[in-house]
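Colleague: Kindly generate the corresponding structure for this input.
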Amino acid sequence: MWAVIVDDARARQTPVWTRGLFALLLVALFHTTGGGQLPGAPVLQNAWAAPGGVAAVDYGGDSDGSVYAGAAAWAPASARFQLSGGVGLRSRTNANTKVVYGVRAAMPLGTVIYGVGLGVFAGIGGGGAQTKTLIDSTTSRLEIPVGIALGWRRALAGGRGISIYASPSYTYFAASSDNGGLVRAGIGLDLGVTNSIGITGGIEFGQTREFGLGGPTGAVYGAGISYAFGRR
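Modeller: Predicted structure coming up:
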């Protein structure tokens, strides 16, 4: 079911629904609800990549604030790896708004069984510390996630597709007051609305850090909409 479109001749031989599935897989950059790894957004990563580029608008957050971002991803014709990144504005309750950024590299390892794929990823994200105005607390200045991605995908009618995936990871947090790492997991859903437009939603949960040390104190959620460039 998985093939890489490397030229027009091969594209003509590839089923329309498969090309649509390629487009939705690129949606994972925000993954990409997060555009790489934006502080304040969940770590979501699908198990596949697709050749070409995609742009997205994303939203993420938790009970203490939110982040709005723009993101982009690119994979070569071989689709052996994918690079994604993003930049946005993060706001928190009783704190100043700061610019945050993130980048990530992912590598698909192949299909384990029919419809199920496996991949690995690593990223880095950061931004200026956000100091609370009412209490002594700051966010982490740097986040470095490393993990695996396990995903399932299925074609839908009309050249569309759907994919569900999990991305357990270990993330190191560097904060102004304390450093440390957490084991967490993200669960995401990518849906191809058309051959070029897709939507992503997901949530991240797991170990937490004490309030004020920087890092998540509970579940983090996110959603985004993306557009894949070029013929699919």
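Colleague: List the buried residues for stretch 157-174?
Modeller: For stretch 157-174, the neighbour count (16 or more other C-beta atoms under 10 Å) marks 159-169, 171-173 as buried. In short, each C-beta sits where N, CA and C put it, glycine included.
Colleague: now swap in stretch 82-94 and tell me
Modeller: Across stretch 82-94, burial judged by 16+ other C-beta under 10 Å covers 82-88, 90-92.
Colleague: Low-confidence regions, the chain specifically.
Modeller: 1-36, 129-140, 176-177, 212, 231-232 (pLDDT under 70).
Colleague: residue ranges for the strands of it, please.
Modeller: 52-62, 65-75, 82-92, 98-113, 116-127, 140-156, 160-175, 179-192, 197-206, 220-228 (DSSP state E).
Colleague: Which of those strands sits closest to residue 41?
Modeller: For those, proximity to residue 41 was assessed by C-beta to C-beta; strand 52-62 is nearest, at 3.3 Å.
Colleague: Sheet partners, orientation included, of that closest one?
Modeller: strand 65-75 (antiparallel), strand 220-228 (antiparallel) (DSSP bridges).
Colleague: chain center to it: distance?
Modeller: Mean-position distance between strand 52-62 and its chain equals 8 Å (C-alpha atoms, centre = their mean, to the nearest Å).
Colleague: same check, this time on stretch 105-115
Modeller: The answer for stretch 105-115 is 16 Å, by C-alpha atoms, centre = their mean.
Colleague: Which residues does it contact?
Modeller: Residues from elsewhere that reach stretch 105-115, judged by C-beta atoms under 8 Å, 6 or more residues apart in numbering: 1-2, 45-49, 79-84, 117-123, 149, 152-154.
Colleague: Go again with 7 Å.
Modeller: Residues outside stretch 105-115 that contact it (C-beta atoms under 7 Å, 6 or more residues apart in numbering): 1-2, 45, 47-49, 80-83, 117-122, 149, 152-154.
Colleague: Same list, the buried residues of stretch 157-174, but as CSV with distance to residue 202 please.
Modeller: Formatted as CSV, those follow (distance: C-beta to C-beta, whole Å):
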residue, distance to residue 202
159, 23
160, 19
161, 17
162, 13
163, 11
164, 10
165, 9
166, 10
167, 9
168, 13
169, 13
171, 15
172, 21
173, 20
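Colleague: Of those residues, which is the nearest to residue 210?
Modeller: Closest approach between the buried residues of stretch 157-174 and residue 210, by C-beta to C-beta: residue 173, at 11.5 Å.
Colleague: Help me confirm that the closest one comes into contact with residue 215.
Modeller: Yes. Counting by C-beta atoms under 7 Å, residue 173 does reach residue 215; the two are 4.1 Å apart.
Colleague: Near residue 183, how many other residues are there?
Modeller: 11 (other C-beta atoms under 10 Å).
Colleague: State whether it and residue 172 are indeed in contact, as I suppose.
Modeller: No. Using C-beta under 7 Å, residue 183 is not in contact with residue 172; the gap is 11.0 Å.
Colleague: my guess is residue 118 meets residue 47, correct?
Modeller: Yes. Residue 118 is in contact with residue 47 according to C-beta under 7 Å; the separation is 5.6 Å.
Colleague: More neighbours: the two, which one.
Modeller: residue 47 (28 against 15).
Colleague: Report the contact partners of the more buried one.
Modeller: Counting by C-beta under 7 Å, 6+ apart, residue 47 makes contact with 108, 117-119, 149-151, 165.
Colleague: Equivalent analysis for residue 144, please.
Modeller: Contacts of residue 144 by C-beta under 7 Å, 6+ apart are 124, 171-172.
Colleague: If we use 10 Å, what do you get?
Modeller: Residue 144 makes contact with 37, 122-126, 169-174, 181, according to C-beta atoms under 10 Å, 6 or more residues apart in numbering.
Colleague: Many thanks, I have nothing further to ask.
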